[in-house]
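Novice: What follows is a predicted protein model with its sequence.
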Amino acid sequence: AQKITQTQPGMFVQEKEAVTLDCTYDTSDPSYGLFWYKQPSSGEMIFLIYQGSYDQQNATEGRYSLNFQKARKSANLVISASQLGDSAMYFCAMRDNTDKLIFGTGTRLQVFP
Amino acid sequence: EAGVAQSPRYKIIEKRQSVAFWCNPISGHATLYWYQQILGQGPKLLIQFQNNGVVDDSQLPKDRFSAERLKGVDSTLKIQPAKLEDSAVYLCASSFQTGNTIYFGEGSWLTVV
């Protein structure tokens, strides 16, 4: 069965520093997609970045990059130059070949001055 | 383009009462999802529609939850009768087609007292 694991309940980072949020996944399907979402206290789930299982290069979107290591089944999110507004919950999610999107338990990121 | 719209934003009801949530996906998006997110947890898929057909409702508590997507556009999620453990954020999401990004609405916060 598909599974997403986020082992860091909480992370702290100083403003302007980089931070890595961990995500590992388990699936037997060769075709899948990996997502990262940000959820501020308002509750909205904001799409950050996407990596397809067949993508050769790691995805990047502005200050966000995804460190995709297929053999290790990991898809870590790297946020560079952290800002106070980055403080939120971050969810890793996987989409399988039936379009079902399953989520991890999330990591709460706190950025301090 | 307009995002996924949800209403009401907040709802407080007593146990055993009923409640309905409405979702309008992004125009042209064929796939629509309803998720339940209990405080401190990751979202859990309740039901997935492809146009007006149900793809997956395996985790929908069918004795009290129902959902429909008439005409393959808007969707309604109903809970009747509500229980205390139904207190959660109900997130609606949509995507254009397989492999595309999934976008979420702001969520509907339900408190059952």
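Specialist: Thanks, I have the structure now. Residues are numbered from 1 along each chain as shown, chains lettered A, B, ... in the order given.
Novice: What pairs with the worst-scoring helix or strand of chain A on mean pLDDT, parallel or antiparallel?
Specialist: The helix or strand of chain A with the lowest confidence, counting by mean pLDDT, DSSP states H and E, is strand A:101-103 at a mean of 90. Here strand A:101-103 is paired, per DSSP bridges, with strand A:88-95 (antiparallel).
Novice: so who does A:Ala1 touch?
Specialist: By C-beta atoms under 8 Å, 6 or more residues apart in numbering or on different chains, A:Ala1 lies in contact with A:Asp26. Just so you know, the C-beta spots here come from the backbone N, C-alpha and C atoms, and that holds for glycine as well.
Novice: Chain B versus that one, what's the distance?
Specialist: For A:Ala1, the distance to chain B equals 12 Å [C-beta to the nearest C-beta, to the nearest Å].
Novice: can you pull the pLDDT of that residue?
Specialist: At A:Ala1, the model reports a pLDDT of 75.
Novice: what sits up against the least confident helix or strand of chain A?
Specialist: With contact meaning C-beta under 8 Å, 6+ apart, strand A:101-103 is reached by A:2-4, A:35, A:91-96, B:33, B:42-45, B:93, B:102.
Novice: Of those residues, keep whichever come out buried.
Specialist: For the contacts of strand A:101-103, a burial check counting by 16 or more other C-beta atoms under 10 Å in any protein chain shown picks out A:2, A:4, A:35, A:91-96, B:33, B:42-43, B:45, B:93, B:102.
Novice: so who does the residue lying closest to B:Phe96 once chain neighbours are set aside touch?
Specialist: Spatially, and ignoring its direct neighbours in sequence, B:Phe96 is nearest to B:His29 (5.3 Å; C-beta to C-beta, 6 or more residues apart in numbering or on different chains). Shown in contact with B:His29 (C-beta under 8 Å, 6+ apart): B:94-96, B:103.
Novice: Also A:Gly104?
Specialist: For A:Gly104, the contacting residues are A:4-6, A:23, A:91-93, B:42, by C-beta under 8 Å, 6+ apart.
Novice: which residues touch A:Thr24?
Specialist: A:Thr24 makes contact with A:4-5, A:7, A:72-75, according to C-beta under 8 Å, 6+ apart.
Novice: Mind checking which of those residues are buried?
Specialist: Among these, those classed as buried by 16+ other C-beta under 10 Å are A:4, A:73-75.
Novice: now these as CSV including distance to chain B?
Specialist: Below are the buried ones among the contacts of A:Thr24 laid out as CSV (distance: C-beta to the nearest C-beta, whole Å):
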residue, distance to chain B
A:Ile4, 8
A:Lys73, 18
A:Ser74, 18
A:Ala75, 15
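Novice: Turn those residues into a markdown table, columns for pLDDT.
Specialist: Shown next, in a markdown table, are these (pLDDT from 0 to 100):
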| residue | pLDDT |
| --- | --- |
| A:Ile4 | 95 |
| A:Lys73 | 96 |
| A:Ser74 | 97 |
| A:Ala75 | 97 |
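Novice: Excluding chain neighbours, what is closest to the residue sitting nearest the centre point of chain B?
Specialist: Nearest residue to the geometric centre of chain B (C-alpha atoms, centre = their mean): B:Trp34, 3.1 Å. Leaving aside its chain neighbours, B:Trp34 sits nearest to B:Leu46 (4.5 Å; criterion: C-beta to C-beta, 6+ apart).
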